[in-house]
Structures are given as C-alpha cells and as structure tokens.
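In: Sequence and predicted structure, then a few things I'm wondering about:
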Amino acid sequence: MLVSGIEYCDYPNDRGYSLIFFDPPRRLCVTLIAVAVFLMNGPTLGEPWLPPGDTLLRSDIQLLADSGVLRVPITTWPLSWSNIDAAVDNASIADLDSVVAQALQRIRDRLRVERRTGSAGIEGWLAASSEPRVIRNFENTPREKGEIGARMAWMGQRFAAKIETRTISNPSDQDSFRLDGSYVGMAVGNWMLSLGYPEQWWGPGWDGSLILSTNARPAPQISINRNLSTPFESRWLRWVGQWSLTSFMSQLDDNRFIEDAMLFGLRVTATPLSGLEIGLSRSAQWCGAGRPCDAEAFSNLLLGRDNVGVNVAKGQEPGNQLGGMDLRWASPVGHLPYAVYLQWIGEDSRQGGPQIGSWLRQLGVEFWGKGPGRGWQHRTHAEVADTMCREGGIGFGGAKPHCAYSHYIYQTGYRYRERPIGHGIDGDRLSYSVGSTLLDSRGNSLSVLARRIAGHNVQGSLLAIPKKMAELSVSYRRQFSLGSLSVGVEYSRFRQDSAESATDGSLEWWARFTTR
C-alpha cells in the first residue's frame, strides 16, 4: 500500500517555475506516509479534530451549544476535540433536560474513544452509490460509485497523524487512489500546524456553505489552527468572548486554465454573547503558472489591492477573492428552541464601486426538541441560498450573472476537480431546502431533505445541473456492535435548459458501512 501510494504521488513538475510552498501531490504524499509511519512506533491516542460529515455528532454538539453547555465557536470544521473536551468537562448531567443529557453522554463516550491509548485507532469502510451525488450537503455521502477505504489515527503530546486511504472504482477525476482526510500535525503552544488533505466546512449552513464546503474534494494544504478558543486576557478585547482562528494555503493541483493555482483561506469566529457566534471569512485564488507568486503579490492580496477599476488596473490583479461574514444566533427573541443564521459572501468588485460590491446570500432557521418517540429528538432546518451576485452595499441591488465562482483570469473558477469549492449548487442559482434529522438515544438517526433549485445556465460551470430541479432524499443510519450502516435514497425531478423540454425523473441510492 505504501509503495502504491508513493508511486501514485510521484510525478514530475516540468512547468518551468518554482512553487513557493510545496509540489503536490508527490512531496505531500511522501511526507504524510513517512512521518505517520515513524510516529506509529510510539504510544497511541485518537485524533485532535472532528471532521465534517457526521450529522449526528453535529446535532449533538449544536444542541449542547444551544443549551449553554458548550460556549465555544462551532461553525468552523474540523472542530478541535480538546476545545470541546474542556468545555464539557465540568457539565453536570443531573442539571440537564433528558434529551440534552443524552447528547452530552454521547459526546463524552466519543471523547473517551478519541483519548484511548495502547494502539493506533483503525477504522475501515465500504461505500457505494448508483450515481455520485452532484450536490453534497453536510452529510458524508459517497462522491463516487464505489470505494473501499481505511484510516489509522495517532496522537501524542505534541504530534498527531492520520493516514486515510481509499480505492475508487470508476473515478470521475481519474484518481483511483486517494489520501483525502490524511494529515500530520504538530502542536506549538495553543496552535496546531498541519500538512495534509483535511475536509473543511465554514459557516452555519446545513445544506451548503457559500465559501468553503465539502462539496469538492480537499486539496493538499498547509494549515494553522487555534486549539483552545480561550478569550483574550486584555480587558479591551475580553468582550470578544471565546474565539478561534484557522488559516491555510493549498494548491489546486487539478487540470486548470491556470495550472497549480494556490488557494488561501482565513477564518476567525467569536462568541461575544451567549448563543451568538459570528464568523469572518476570506479566501483567494492566486499564484499559478504565469502568475506572480512573490511576497508583494501576496501582500497586495491580503490588503485587498485586487479590485479592477477600484485600486488596480485590469491584468494586474494578484488574485480572485471571496470574503464576508456569517452569524448564528440561538433564540434571539424569547426562549423557544430555535436559531436564525445567515451567510453573506462578497465576490469580485463592481467597477467604480466599493471593494465588495457583489454579494451571495444564505439565510436559515433551525428548530429542535423532543421527537415523536421516547428518547427521540429532532433538529429541523429551512434554508435559502442565492448564488446570483447582486450589487449594492448589502446585496439587494441588480443581478450580475456569470459572477459567482467565476473569474476572467482564473477561468476554471472557484472549483476543484470539477466541483464547486463553495456551495454545491454552483453560481447563478437559487436553492430552497427543508431538512430534519431524528435521533434516538442509541445513536441511530433518520434524515429527510427536500430541495428545490432554479436558476440560469452557468458560464464555465462543469456541473450537469439542470435549470430546474426538485429533490427528496431519505437516509437512515443504524449503529451495530461492529460499526454503523448508512443507507439513503433520493428521487429527483428535473427539466433541462429550455422551457419546452420534458420533465424527467431519477431514483438514486447510496450505502456506507463503517467498522468501529
């Protein structure tokens, strides 16, 4: 397996320029495998992060936050287990509602697994689907028709590593062997430096994120993350509350118009009030073949000197940026179990206007409480996402087609391996979704999602998404002594580009079994 992995990673870079960080996938893959094998020779623990994709765990963590048990930022995934551990350490089950107490107990049970010592944690899985899901939400559903994989995690006092390998049948991007989810990391004070392929999700949405979601495969990256979200000690900044920061630099090593473009990301979140979490995010494509990759270009990008017609001439842009804010507020009025959330992400500037003049928007509301049976709970959401750029200070002006996730220099757009890096519906579309997850005390869950998508054809889009589409999906997850089984079905009705075209329908399925 190691030999196959190194052979898969080994390819020359003959484009005639030097990459300022690393040359993926060869160097990154070899580094991951070599460091992980070296570290596996010592005492073992779990892993420091909880990756996105597990709707059951997210529902439990969100319930603890909404109930006041957790007072840490939780809208930036992967989450730090040490941060969650510190927050729930002193919580008393006796003082909690039965449903909240069950969620707390499940989180503590998971934490005991993550902290166990004596041998490396090993997990395997099998996944299959009739067709890969074109639009992924937070749930970890198969990206391909078939895959078999395994992961091994190790964590020490300062170092951590996870090797996650999978073999794909009939891959859509020709990569039959993948290391998605793998990393090596080193703790430096309250920070974790890492190198790998982590899955990421930025924002409070359940059906999508406008700036960074798990819809596309993870690209190789270097990242830094704050482990514990402890408040500032300064009295001038103490009002910020618990805060977290994550930043990364990745290389888009797929087949692109600008080969080997870099992707920079930065996100800061804080909880200034009880039940309120605010996030600020930026991402930028820059560098690549034939593009400036020096410190001056990066500093211009950081300072926002990349808006054509505002502060830079056309052709001198250092990059293609997105940036904006999101918030989630539990019970802002009254004491009912609900929360509202939004995400506003600015795309490229409009000429002669402010630096951010074209906005993508997402709004949502959540409800939660006891379910229909004994020991059951539910978490239900309704969400609207609009990826048609709109002008104006807050994005309610005129429409600007072919703006979202597109750029005249980086013509492949804000996409990686033929999938949007942001929201799965891609640009110039409007999505309405309603979803609900029922959870029982044993950790089984039933999820239902209804979604309607409408919009225009997207210039440069690589997705075969019809102009109009309606979907209904149902998935069930069952826990066994040997692992867990997830199965799902989705029925879609769609109409192609023209209004006169017939309405078609399809029924798809997927399944995944994961060992303990």
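Out: Good, I have the coordinates.

In: Would you indicate which residues of the longest helix along the chain are buried?
Out: The helix that spans the most residues within the chain, counting by DSSP state H, is helix 98-114. For helix 98-114, burial by neighbour count (16 or more other Cβ atoms under 10 Å) applies to 99, 100, 101, 102, 103, 104, 106, 107, 110, 111, 114. From N, CA and C alone the C-beta is placed, and that goes for glycine too.

In: In contact with the first one: list those residues for me.
Out: If I follow you right, that is residue 99. 63, 369, 370, 377 (Cβ atoms under 8 Å, 6 or more residues apart in numbering).

In: So what sits opposite residue 270 in the bridge?
Out: On the basis of DSSP bridges, residue 270 is bridged to residue 243, residue 278.

In: quick one: it and residue 239 touch, right?
Out: No - assessed by Cβ atoms under 8 Å, residue 270 is found out of contact with residue 239, at 9.4 Å.

In: Of the two, which one has the most company?
Out: residue 270 (22 against 12; other Cβ atoms under 10 Å).

In: what number of residues lie near residue 157?
Out: Residue 157: 9 surrounding residues under other Cβ under 10 Å.

In: go on, the one 5 residues further on?
Out: If you count neighbours by other Cβ under 10 Å, residue 162 ends up with 28.

In: ok, and the closest non-adjacent residue to it?
Out: Distance criterion Cβ to Cβ, 6 or more residues apart in numbering; nearest residue to residue 162, sequence neighbours excluded, is residue 153 at 4.3 Å.

In: From what I see, the one you found and residue 181 are in contact.
Out: No - the criterion here is Cβ under 8 Å, and residue 153 misses it with residue 181 at 10.0 Å.

In: Which residues are in contact with each of those two?
Out: In contact with both residue 153 and residue 181: residue 162, using Cβ under 8 Å, 6+ apart.

In: Between those two, tell me which one has more neighbours.
Out: residue 153 (25 against 22).

In: Packing partners of the helix or strand where the more buried one lies?
Out: Using DSSP states H and E, residue 153 maps to strand 146-155. Packing partners of strand 146-155 (3 or more Cβ pairs under 8 Å, 6 or more residues apart in numbering; DSSP states H and E): helix 26-39, strand 121-129, strand 159-169.

In: Please report the distance of the residue nearest to residue 162 from residue 182.
Out: Distance check for residue 153 against residue 182: by Cβ to Cβ, to the nearest Å, it reads 10 Å.

In: Between these two, which contacts overlap?
Out: Listed as contacting both residue 153 and residue 182 by Cβ under 8 Å, 6+ apart are residue 162.

In: tell me the strands in the stretch 401-516 of the chain, going along the chain?
Out: Secondary structure of the stretch 401-516 of the chain (DSSP state E, counting those that start in this stretch): strands at 415-416, 419-420, 429-439, 445-455, 468-479, 483-495, 503-515.

In: Point out the most buried one among these.
Out: strand 419-420 (a mean of 25; mean count of other Cβ atoms under 10 Å).

In: Identify the residues contacting that strand?
Out: Applying Cβ under 8 Å, 6+ apart, the set of residues contacting strand 419-420 is 213, 215, 216, 217, 405, 414, 426, 427, 462, 463.

In: The residue nearest to residue 162 pairs with what?
Out: Residues in a beta bridge with residue 153, per DSSP bridges, are residue 121, residue 162.

In: Would you check how far apart it and residue 81 are?
Out: To residue 81, residue 153 is 11 Å away according to Cβ to Cβ.

In: and if you look at residue 264?
Out: 26 Å.

In: now do residue 256
Out: Separation of residue 256 from residue 81 (Cβ to Cβ): 35 Å.

In: cool, and residue 192?
Out: Applying Cβ to Cβ, the value for residue 192 to residue 81 is 11 Å.

In: just to revisit the earlier point, the inter-axis angle of the longest helix of the chain versus strand 429-439?
Out: Relative orientation of helix 98-114 and strand 429-439, computed by axes from the mean of the first three to the mean of the last three Cα atoms, to 10 degrees: 90 degrees.

In: gap between helix 98-114 and the chain center?
Out: 23 Å (Cα atoms, centre = their mean, to the nearest Å).

In: Drop anything exposed from the contacts of strand 419-420.
Out: When burial is judged by neighbour count using 16+ other Cβ under 10 Å, the buried members of those are 213, 215, 216, 217, 405, 414, 426, 427, 463.

In: any idea which of the residues you listed is closest to residue 327?
Out: Using Cβ to Cβ, residue 213 is the member of these that sits closest to residue 327, with 17.7 Å.

In: Tell me if that closest one really is in a helix.
Out: No - assigned with DSSP: H, G, I helix; E, B strand; the rest coil, residue 213 falls outside any helix and is coil.
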